[in-house]
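Participant: what's the 3D shape of this:
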Amino acid sequence: MTDILMPALSPTMEEGVLAKWHVKVGDVVSAGDVIAEIETDKATMEVEAVDEGEVTDILVAEGTEGVKVNTPIARLKDEGGAAAPQPAAKTEEAPKAEAAPAKAEAPKTAAPVAPAPAAPKSDSGERIFSSPLARRIAAQNGVDLKSIKGTGPHGRIVRRDVEGAPKGAAQPAASMATAAATSGIAPRQAQSLAQMGIPDGSYDLIPLDGMKKAVARRMVDSIQNVPHFPLFIDVEIDQLMAVRTKVNKMLEPQGIKVSVNDFVIKAAALALKMVPEANASYTPEGIAMHHNADVSMAVAIDGGLITPIIKKAETKGLAQIATESKDLAKRARERKLKPEEFQGGTFSVSNLGMFGIKQFTSIINEPQGCIMSVGAGELRPVVKDGQIVPATVMTVTLTCDHRVVDGATGARFLQAFKPLIEDPVAMLA
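Facilitator: Here you go, the predicted model:
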């Protein structure tokens, strides 16, 4: 029997929230089973079992906050009563606690369990994600983890992968590279900057922190896995600017200032209620139709990007949205947001208009079905009543997940959004 410890889900994690248990006392778990969900200051991640065993005790209840890393949270016993390995976090970031196995009572008839070898690295220097038990078995059997494709979450190598490795799977990486070279195929990840003509010493290398890695991984996953397409529309914002001036003058005694982005968030939320098919997410089980418009707003912070959420934005006035968005953005830059404040949105807004960007297309924030990109308002010639006149025009791009929002649905959403922006008095009611 052994303690399952609170895992370190990122290099900087010291404590977290045990958000949910997926098992109960008496359950028998298998390798790869998700047993719990852990919330950190950056994300909610799942914890998976890497071996079979029976859950004998739940030591930390659901919803418990401030659980320190390496604190026992449950106990597991395998069928023979021997110590089962500590579960690993279902994430591609390296848990601190994974460098050594969980402490356990060794059976009287068995010798102490040897520490798991350190996580190996690929030829490109990237960590090969594997469980402690998989590394231990690989070391005992002389299996090269570089040659194995993991079947665990996010490609993690687990026990069954090592035990099921076919003959020859332990081929050294060097010989594999040689075989690739003779076939005319070179591993992409093996290419260094020097090999691409950029000499060492001509650049400074800034190591990737946890947030950079997470953002990179999510964006690559999204662009590869989501069949996305953009829709563009121009909206006139002269009336919006005039209304904004009047609203801010009224709110000045309260210290509240409404931005153009606050109008956009409110208009998007109302449009989502008018076209609920756009307020949806794709899941393997079906299309999730969200009850509320929880609008995520992209905020640039040091080292990355985060998307705090205006919950139930359709029910809130502009003053409340302005107050919340200012507070969320401030705490986002200070990295003081709670996980629930930046996870779980149903629709995203990204605004680069303040930087003078005229038009751009954003990558979808999975599992959301859409993201709206807002450009700068600028004077442009438009035709009204047969005459060319100046107007302040803003280009908006809606990127859609075609599995959820097709072209017609996206167009209907923009048709609902446009009049709300062009005649914002309706949003003041």
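Participant: state the distance from the residue nearest the centre of the chain to Leu337.
Facilitator: A centroid search over the chain (C-alpha atoms, centre = their mean) returns Arg218, at 5.3 Å, as the residue closest to the centre. Distance from Arg218 to Leu337, counting by C-beta to C-beta, to the nearest Å: 17 Å. C-betas here are computed from N, CA, C, even on glycine.
Participant: kindly report the same for Glu14.
Facilitator: 17 Å.
Participant: tell me which of the two has more neighbours.
Facilitator: Leu337 (23 against 12; other C-beta atoms under 10 Å).
Participant: low-confidence ranges, the stretch 101-250 of the chain, go.
Facilitator: For the stretch 101-250 of the chain, applying pLDDT under 70 flags the ranges 101-127, 132-133, 152-155, 164, 166-192, 209-211.
Participant: show me where it has its helices.
Facilitator: For the stretch 101-250 of the chain, applying DSSP state H, counting those that start in this stretch gives helices covering 132-141, 159-163, 173-182, 210-225, 238-251.
Participant: what helices and strands are in contact with the shortest one?
Facilitator: Going back to what we said before, that points to helix 159-163. helix 132-141 (3 or more C-beta pairs under 8 Å, 6 or more residues apart in numbering; DSSP states H and E).
Participant: repeat that for the last one.
Facilitator: Identification of packing neighbours for helix 238-251 by 3+ C-beta pairs under 8 Å, 6+ apart yields helix 260-274, helix 318-333, strand 387-401, helix 407-422.
Participant: for it, C-alpha coordinates in PDB please.
Facilitator: What follows is helix 238-251, C-alpha atoms only, in PDB (Å, rounded to 0.1, in the frame of the first residue of the first chain):
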ATOM      1  CA  ASP A 238     -19.400  56.600 -35.000                       C
ATOM      2  CA  GLN A 239     -22.600  56.200 -33.000                       C
ATOM      3  CA  LEU A 240     -20.800  53.900 -30.600                       C
ATOM      4  CA  MET A 241     -18.100  56.400 -30.000                       C
ATOM      5  CA  ALA A 242     -20.600  59.200 -29.300                       C
ATOM      6  CA  VAL A 243     -22.600  57.000 -26.900                       C
ATOM      7  CA  ARG A 244     -19.400  55.900 -25.200                       C
ATOM      8  CA  THR A 245     -18.500  59.600 -24.600                       C
ATOM      9  CA  LYS A 246     -21.900  60.300 -23.000                       C
ATOM     10  CA  VAL A 247     -21.800  57.100 -20.900                       C
ATOM     11  CA  ASN A 248     -18.300  57.800 -19.600                       C
ATOM     12  CA  LYS A 249     -19.300  61.300 -18.600                       C
ATOM     13  CA  MET A 250     -22.200  59.900 -16.600                       C
ATOM     14  CA  LEU A 251     -20.000  57.300 -15.000                       C
END
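Participant: buried ones in it?
Facilitator: Neighbour-count burial for helix 238-251 flags 240, 243-244, 247-248, 251 (criterion: 16 or more other C-beta atoms under 10 Å).
Participant: Provide a list of residues in contact with Ile287.
Facilitator: 280-281, 404 (C-beta atoms under 8 Å, 6 or more residues apart in numbering).
Participant: next structured bit after the helix or strand containing it?
Facilitator: Element membership of Ile287, judged by DSSP states H and E, is strand 286-289. Going down the chain from strand 286-289, the next helix or strand is strand 295-297, by DSSP H and E.
Participant: mean pLDDT, distance to Thr151 and mean neighbour count for the helices and strands packed on helix 238-251 - can I get that in a markdown table?
Facilitator: Formatted as a markdown table, the helices and strands packed on helix 238-251 follow (pLDDT from 0 to 100; distance: least, C-beta to C-beta, whole Å; neighbours: other C-beta atoms under 10 Å):
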| stretch | mean pLDDT | distance to Thr151 | mean neighbour count |
| --- | --- | --- | --- |
| helix 260-274 | 97 | 38 | 24 |
| helix 318-333 | 95 | 36 | 18 |
| strand 387-401 | 97 | 27 | 18 |
| helix 407-422 | 97 | 36 | 18 |
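Participant: let me know which of the ones you listed is the nearest to Met6.
Facilitator: With C-beta to C-beta, the closest approach to Met6 among these belongs to helix 318-333: 24.8 Å.
Participant: how close does the residue nearest to the centre of the chain sit to Ala411?
Facilitator: For Arg218, the distance to Ala411 - C-beta to C-beta - is 27 Å.
Participant: re the thing from before, make CSV out of the helices of the stretch 101-250 of the chain and add distance to Gln320.
Facilitator: Listed next are the helices of the stretch 101-250 of the chain as CSV, based on distance: least, C-beta to C-beta, whole Å:
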stretch, distance to Gln320
helix 132-141, 49
helix 159-163, 51
helix 173-182, 57
helix 210-225, 29
helix 238-251, 11
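Participant: closest one to Thr40 among the ones you listed?
Facilitator: helix 210-225 (9.4 Å).
Participant: let me see the contact set for the closest residue to Ala278 other than its chain neighbours.
Facilitator: Nearest non-adjacent residue to Ala278, counting by C-beta to C-beta, 6 or more residues apart in numbering: Phe413, 4.2 Å away. Neighbour list for Phe413: 271-272, 274-275, 278, 370, 398, 405 [criterion: C-beta under 8 Å, 6+ apart].
Participant: how does it look with 10 Å?
Facilitator: 231, 233, 268, 271-272, 274-279, 347, 370, 372, 398, 400, 405 (C-beta atoms under 10 Å, 6 or more residues apart in numbering).
Participant: same check on Thr392?
Facilitator: So Thr392 contacts 235-241, 376-380, 382 (C-beta under 10 Å, 6+ apart).
Participant: residue contacts, Ile223?
Facilitator: Contacts of Ile223 by C-beta under 10 Å, 6+ apart are 363-364.
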